[in-house]
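Trainee: Could you work out the structure for the sequence below:
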Amino acid sequence: MATTLRQLVRNQILLREVNDRIAEVAGSWAGPSPEFLCECSHEDCTETVALTPAEYEQVPPGCVVGDAGETGPLRA
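Mentor: This next block holds a predicted model:
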């Protein structure tokens, strides 16, 4: 099934919202770095990235968390 640009962007926005919530909850986390969801536009991606909440906060708005903690612009 073909995915539209609108669907891809909506998915990236949803993943960012989930990651924002993970960062919020992890602020009081005493354990190892939480796993954030990859925000790439690949429909079948299930990768996670271990980042501290401080590292996650350094990801600029409009960018996505991707493979191995790489960040880049929101894209389709």
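Trainee: could you pull out the helices for this protein?
Mentor: Along the chain, the stretches classed as helices by DSSP state H are 5-26, 53-57.
Trainee: which residues sit against the first one?
Mentor: Outside helix 5-26, the residues that touch it by Cβ atoms under 8 Å, 6 or more residues apart in numbering are 34-41, 43, 52-53, 56-57, 64-65, 74, 76. For every residue, glycine as well, the C-beta is placed using N, CA and C.
Trainee: Where in the chain is the helix or strand with the lowest mean pLDDT?
Mentor: Least confident helix or strand of the chain, by mean pLDDT, DSSP states H and E, is strand 71-73 with a mean of 51.
Trainee: before we move on, the earlier item: and E47, which of the helices of the chain is closest to it?
Mentor: Proximity to E47 (Cβ to Cβ) singles out helix 5-26 among the helices of the chain, at 11.0 Å.
Trainee: Can I get that closest one as PDB, trimmed to CA atoms?
Mentor: Provided in PDB are the C-alpha atoms of helix 5-26 (Å, rounded to 0.1, in the frame of the first residue of the first chain):
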ATOM      1  CA  LEU A   5       3.400  12.300   2.400                       C
ATOM      2  CA  ARG A   6       0.700  13.400   4.800                       C
ATOM      3  CA  GLN A   7       0.600  10.000   6.500                       C
ATOM      4  CA  LEU A   8       4.300   9.900   6.800                       C
ATOM      5  CA  VAL A   9       4.500  13.300   8.400                       C
ATOM      6  CA  ARG A  10       1.600  12.400  10.700                       C
ATOM      7  CA  ASN A  11       3.400   9.200  11.800                       C
ATOM      8  CA  GLN A  12       6.600  11.200  12.500                       C
ATOM      9  CA  ILE A  13       4.600  13.700  14.600                       C
ATOM     10  CA  LEU A  14       3.000  10.900  16.500                       C
ATOM     11  CA  LEU A  15       6.300   9.300  17.200                       C
ATOM     12  CA  ARG A  16       7.700  12.600  18.400                       C
ATOM     13  CA  GLU A  17       4.800  12.900  20.800                       C
ATOM     14  CA  VAL A  18       5.400   9.400  22.200                       C
ATOM     15  CA  ASN A  19       9.100  10.300  22.600                       C
ATOM     16  CA  ASP A  20       8.300  13.500  24.300                       C
ATOM     17  CA  ARG A  21       6.200  11.500  26.800                       C
ATOM     18  CA  ILE A  22       9.100   9.000  27.300                       C
ATOM     19  CA  ALA A  23      11.400  12.000  28.100                       C
ATOM     20  CA  GLU A  24       8.900  13.400  30.500                       C
ATOM     21  CA  VAL A  25       8.500  10.200  32.400                       C
ATOM     22  CA  ALA A  26      12.300   9.400  32.300                       C
END
